[in-house]
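Trainee: Can you look at this prediction? I've put the sequence above it.
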Amino acid sequence: MKRTLFWFAAVSLLVFPQCVPAAEVKVSDATQACIECHSVIHPGIVQDWQKSRHSRVTPGQAMAVKGLGLKVSSTDVAEELQGSVVGCAECHTLRPKEHADTFEHNGYDIHIVVSPGDCRTCHAQEAQQYTRNIMSHAYKNLAGNKLYQDLEHTILGGIQRRDGKVAIQPASAATKAEACYYCHGTRLKVSGTETRNTSLAGELKFPKIDGWPNQGVGRVNLDGTLGSCAACHTRHQFSIEMARKPYTCKECHVGPDVPVNKVYEASKHGNIFSSHNKDWEFKTVPWVIGKDFTAPTCAACHVSLVVNTEGEVVAERTHQMNDRLPWRMFGLVYAHPHPIEPDTTLIRNKNGQPLPTDLEGGFASTYLIGKAEMDKRRQALQAVCLNCHGRAWVNGQWARFENTIRETNAKTLTATQIMTDIWAAGLASGLRQNASPFDEAIERRWADIWLIYANTIRFSSAMGGGGDYGVFADGRYELNKAVMEMQDWLALRRRVLPEKKP
Amino acid sequence: MKRTLFWFAAVSLLVFPQCVPAAEVKVSDATQACIECHSVIHPGIVQDWQKSRHSRVTPGQAMAVKGLGLKVSSTDVAEELQGSVVGCAECHTLRPKEHADTFEHNGYDIHIVVSPGDCRTCHAQEAQQYTRNIMSHAYKNLAGNKLYQDLEHTILGGIQRRDGKVAIQPASAATKAEACYYCHGTRLKVSGTETRNTSLAGELKFPKIDGWPNQGVGRVNLDGTLGSCAACHTRHQFSIEMARKPYTCKECHVGPDVPVNKVYEASKHGNIFSSHNKDWEFKTVPWVIGKDFTAPTCAACHVSLVVNTEGEVVAERTHQMNDRLPWRMFGLVYAHPHPIEPDTTLIRNKNGQPLPTDLEGGFASTYLIGKAEMDKRRQALQAVCLNCHGRAWVNGQWARFENTIRETNAKTLTATQIMTDIWAAGLASGLRQNASPFDEAIERRWADIWLIYANTIRFSSAMGGGGDYGVFADGRYELNKAVMEMQDWLALRRRVLPEKKP
Amino acid sequence: MKRTLFWFAAVSLLVFPQCVPAAEVKVSDATQACIECHSVIHPGIVQDWQKSRHSRVTPGQAMAVKGLGLKVSSTDVAEELQGSVVGCAECHTLRPKEHADTFEHNGYDIHIVVSPGDCRTCHAQEAQQYTRNIMSHAYKNLAGNKLYQDLEHTILGGIQRRDGKVAIQPASAATKAEACYYCHGTRLKVSGTETRNTSLAGELKFPKIDGWPNQGVGRVNLDGTLGSCAACHTRHQFSIEMARKPYTCKECHVGPDVPVNKVYEASKHGNIFSSHNKDWEFKTVPWVIGKDFTAPTCAACHVSLVVNTEGEVVAERTHQMNDRLPWRMFGLVYAHPHPIEPDTTLIRNKNGQPLPTDLEGGFASTYLIGKAEMDKRRQALQAVCLNCHGRAWVNGQWARFENTIRETNAKTLTATQIMTDIWAAGLASGLRQNASPFDEAIERRWADIWLIYANTIRFSSAMGGGGDYGVFADGRYELNKAVMEMQDWLALRRRVLPEKKP
């Protein structure tokens, strides 16, 4: 019998290595109270959490880990939190006075929206790094930039006809929340309370939250902190496996403005991932190159703590995410060195516009990292490459990538020159007082070039030429075609329309 | 030795839980006769069937299941069918007189095309529900609608030059069958017989079937029934796992007119599916939320019998598929409440056109479900959401979705007003007697707006803002751009062309 | 104890069937020397190789395999190679005098770029077949064709403004290498040596290689051979599983010019693959239809040695890859029978242009396979289909496919007639001496038709109507729209511009 049990356990561990005996789990009374109702009314959440590491390991146990496997970076976790697993109450009752959505709920002070301010209780280092991540400012970086607001307005806004012309109307909050701010994050605000009749407890009061639901990377939370850890560490399993797989990044980086996932999937690395990831180990910390995985995912290059087979650190864990990135490939309107500060609303180009480059392609250098920092970041990224590729390979790849930055910036300049001619000829109104440079058809064709095609080419280059994205799929074929179309548009009008001044 | 066998069985069941000992299988003599030849000439089919549940369980055994696990909904399966597994002969010799393609084949009356009329022998309830599914009428709903036929003609038709103009030619049956009707289903027709020399049995006669092969959802079968169960339950494994995975729906719903799969893959739900589905259980009936799966696939929201961890029914199984859907998001040319009848050729808008909306955006309400039914369907769908999301979350998501219905309908109206102006100015011929509103370049740009961009935005909204599809990827960026282009096209012609009347 | 070990081994083999005891491995001294340093500085490569079959099986063992399972097709592998596994030194020191990049490295004559000339040592038959594969000539077929060079120039070239016009500048080598030649392959050339400071061995000299890195299918190697086996058999695991999965082909065939993978993923076959491939066996040789896999991947139809469940050969292994393909679907500018020779620069159409068709759609038949060879290839491909589909199904599918070849060629002709009219009217300069037919907006719209839309429709047809690619997604909807736009473009200019001569 004993032997039978032994074999059952051995086989189980081979087949389900993630299972930990339930007997060891210590759930707090408060969490037990939550589960009693919510396992009936929200079984999906509760079941998901039960599959999580949070449901099986206490902070105290996690803090006892020595060396690189340590996941709880805080050293000052409150004594009373260390002894229970991280359940509902552990997060949803933390720091009640700091959350504007705290409400009395069956004897507990609950808040609905858990924030990085809560997660930092155990994960201080990651939360701190994330404040330096440009993503954490994604709300303000968009909503607080006059020029970007104009572009957003012409994209999201309603479009009506007046006197035979089209006029853009402001987009509703609902539209914004599910469009740009789905990824950027909404600004949450408690706008009152509402009483709802619940099946288990009769009438209950709940706070009403504008901008909810949202899990955007730059969400402005009800405790004033920025971001949502659940953007990547999906509630309520918070699985490191999921954060390390490229599907998570795909939620926001699928394109065509940032077609990272498409390019990755078609790249050699993506091919290896797709074919072999079923045999990889996604849960070990640190993550061992070659042993746990044989090609990088997004996380391997940009986030994770990766080590070589000797256990030496190849790259430190970072939630800043751009500290291995010298260039910001996204064209605004040209690719440029990364901004120094995550709050990009501070940036002014030489013309006083809130842009990291000017319309002629010059960099707003005061606000962007310099050569030394760029070198440091390049080396940090290449350290990962060099574990599988020789120096000549990596240098060759990098030289092509930086050539592509220059090439696509030069093409963007050509397109911008044509656009400027069109404005100067009064054929579009972008230069006029109070006019938008984004609300006419030809202006939008210009935007395609720097917002879609140039970005696509750069991402294709960065990921080793992934698939057709450097050529036909929103790549060079389309970019050159769009420039030809702008030229064609202008040439026809020059021939058939009387000249007018802007 | 006995212990060794026990362990072998135990380990096997852990590793291959789907295996059932071959000894229990009772194959009919007729099926055995089929297999003798066809396992040699079509081993792929036979092997695939051998992996199926049909090959291992008899209807009698399946009917004995009590409770929600019951898969055979018919209570009157003929005695002689109950004792053998469901093999070749069980389906391909059913109801021989009702199938126009029945032919004598080595002593058996075989028909080639198995239809829902056959499947209903065991699965009566599902077949009955499917007759109420708008998909089952997909052939006639397209082929029997004069306006849709005009659109189809301008899409599929050959395009030739005559007197310096382009003229659309009728598409061939072969083109139609592999284009629109690949998904909608073809109309099958026996057009004669042919004799073929076979490797195992010499010369044999077979029926010739026009429109074959096809597995479209609205196929008009040779017994008069509509649809093909194999559209989703792929022959010959008929795997419930496959029908529950989103790849099945992707076959027809990949876009860009109905980009459901693209949006799903980029959504939070799709991310969870992609990352974790390897650990899910896709074969259990009923399907347990949280335990068997931790994020919905298409089937979970729209088709499957799902229960909570207490075993309580959250949603009943349905093959009508739209009884959890108040809105039909697909623009014709506006989004609208679902039609009451699956046969949509009955619908007339206020102008007498066979459309669920008129060109000004009004609903053909007589033919569409009313508020009470919409409420009922909304609640049926939200019952699934509420197992993982709180009421505030679900309400917030839903309010955004219905806002998006209104927003995209309003934008479609603006585009239609410009199109109407163009027609009125005689710059396109859509208003003229016998002229198509779909066969000129500017008319096609108008169609992009309601057929591609508006639909994309709505699907993105419905699935929680999935990825970039609400903004850049055929979303609001493209929709507004297209309206600007229509305006630009009209403005230029107004300036340089003499006015003419339509 | 013995029983326990037995069970441990049995369970391990069930769970990790790919593991072979390490004790049997015989690594050469030279490879051992490589590994000593490189396992520290390039652990990813070494670990990847350790997962490979090359690291566990010697050529001698592989050559001893009888029958269809034989993977080493060479019968004359040198005695000294037969006894060790295939490690670093076995490939990177082969034929040192023939590789221009051979250099002295810690006492060994190493070359960096392993070529088909090396792989043929063991895999002679596959290397020989590959020389007949049009892919092996992909570099020259593009770089050595004057017309294609013109198209490439207008796609990749820089685009500048001069005197109010746009002018295309030659693309840099770096741009070419990561764009067209990423897939086609670069021409490698040793351009000198460089000294690098290495962490383990101080200063070392290395050859500098222009065009490196690259793994394109037609790479021109430093030993004069063509291609890179690593394009599909990714270094350094060289996994047959990976080559058989569609992700490998996707690297180059993702579209939109050759949207094979997109169509496949949305097809019935792709659906079956996506849903069930986790249960398939990708490593067995030969590959058994129905048993190892239940739907074809790219390799099953075009490359692999596939057998039926009786062990009879259904299709021989081929690395020519087009010997099961009568038609070349890719429009240049029309679809046509496959070229006889893999070097397509030899082809001349009736007008002396290096194209397999002329502008009126006629085939350059002297250079293309004839009816007999087309029949043979059709039969070779259909032999695979017929293992899962009846003859009527396969014939119906094929008739539709060949109808689509004719249909899309006819539509391309219509578009070309409009383009010719535009040239003749002097509205574009493609007919003028030294003018490019690809560098104006309207010419590019014409190119969309035969380079993107017609190809998409054909691939959709070939793979059984996969998804929406035959209709909305770059399919017939877009093709007809583009023809309408060309007509619209011409009509406007005819009305408002004075006529001029080309």
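Mentor: Sure thing, it's come through. Numbers count the residues shown, from 1 in each chain, chains lettered A, B, ... in the order given.
Trainee: May I ask which helix or strand of chain A has the lowest mean pLDDT?
Mentor: helix A:2-15 (a mean of 42; mean pLDDT, DSSP states H and E).
Trainee: residues near the residue of the stretch 151-300 of chain A found nearest chain B, how many?
Mentor: Proximity to chain B, evaluated over the stretch 151-300 of chain A using C-beta to the nearest C-beta, is greatest for residue A:182 at 3.6 Å. Backbone N, C-alpha and C define where each C-beta goes, glycine included. Neighbour count of residue A:182, defined by other C-beta atoms under 10 Å in any protein chain shown: 28.
Trainee: hey, where'd the helices end up in the stretch 51-200 of chain A?
Mentor: Shown for the stretch 51-200 of chain A, the helices assigned by DSSP state H, counting those that start in this stretch span residues A:59-63, A:79-82, A:88-92, A:116-119, A:124-131, A:138-143, A:146-156, A:173-178, A:180-184.
Trainee: Leaving out the residues flanking it, which one is nearest to the closest residue to chain C within chain A?
Mentor: For chain A, the residue closest to chain C is residue A:290, as judged by C-beta to the nearest C-beta, at 2.8 Å. The shortest distance from residue A:290 to any residue other than its chain neighbours is 2.8 Å, reached at residue C:47 (C-beta to C-beta, 6 or more residues apart in numbering or on different chains).
Trainee: Looking at that neighbour now. What's its pLDDT?
Mentor: pLDDT for residue C:47: 96.
Trainee: isn't it right up against residue A:293?
Mentor: No: the criterion here is C-beta atoms under 8 Å, and residue C:47 misses it with residue A:293 at 9.6 Å.
Trainee: Check which residues of stretch A:133-147 are buried.
Mentor: Using 16 or more other C-beta atoms under 10 Å in any protein chain shown as the test for burial, stretch A:133-147 gives A:133, A:134, A:135, A:136, A:137, A:138, A:139, A:140, A:141, A:142, A:143, A:145.
Trainee: Next, the distance between the ends of stretch A:279-298.
Mentor: Stretch A:279-298 has its terminal residues 18 Å apart, counting by C-alpha to C-alpha, to the nearest Å.
Trainee: How about residue A:474: what's its closest non-neighbour residue?
Mentor: Residue A:474's closest residue in space is residue A:456 (C-beta to C-beta, 6+ apart), at 4.2 Å.
Trainee: Tell me the confidence at the one you found?
Mentor: 97.
Trainee: repeat for residue A:25
Mentor: pLDDT at residue A:25 comes out at 78.
Trainee: For it, grab the count of nearby residues.
Mentor: Look at residue A:25: counted by other C-beta under 10 Å, it has 15 neighbours.
Trainee: from memory it sits against residue A:52, does it?
Mentor: No: assessed by C-beta under 8 Å, residue A:25 is found out of contact with residue A:52, at 11.6 Å.
Trainee: just to revisit the earlier point, just the C-alpha atoms of the one helix or strand the residue nearest to residue A:290 maps to, please, in CSV.
Mentor: Assigned by DSSP states H and E, residue C:47 belongs to helix C:43-50. Only the C-alpha atoms of helix C:43-50 are listed here, as CSV (Å, rounded to 0.1, in the frame of the first residue of the first chain):
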residue,chain,number,x,y,z
PRO,C,43,25.7,28.2,-23.5
GLY,C,44,22.5,28.6,-25.6
ILE,C,45,24.1,27.0,-28.7
VAL,C,46,25.6,24.2,-26.8
GLN,C,47,22.5,23.4,-24.8
ASP,C,48,20.4,23.6,-28.0
TRP,C,49,22.8,21.1,-29.7
GLN,C,50,22.6,18.8,-26.7
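Trainee: Residues contacting it, please?
Mentor: Helix C:43-50 has contacts (C-beta atoms under 8 Å, 6 or more residues apart in numbering or on different chains) with A:289-291, A:294, A:308-310, A:387-389, C:35, C:38-39, C:55, C:87-88, C:235-237.
Trainee: So which of those are in helices?
Mentor: C:35, C:38, C:39, C:88 (DSSP state H).
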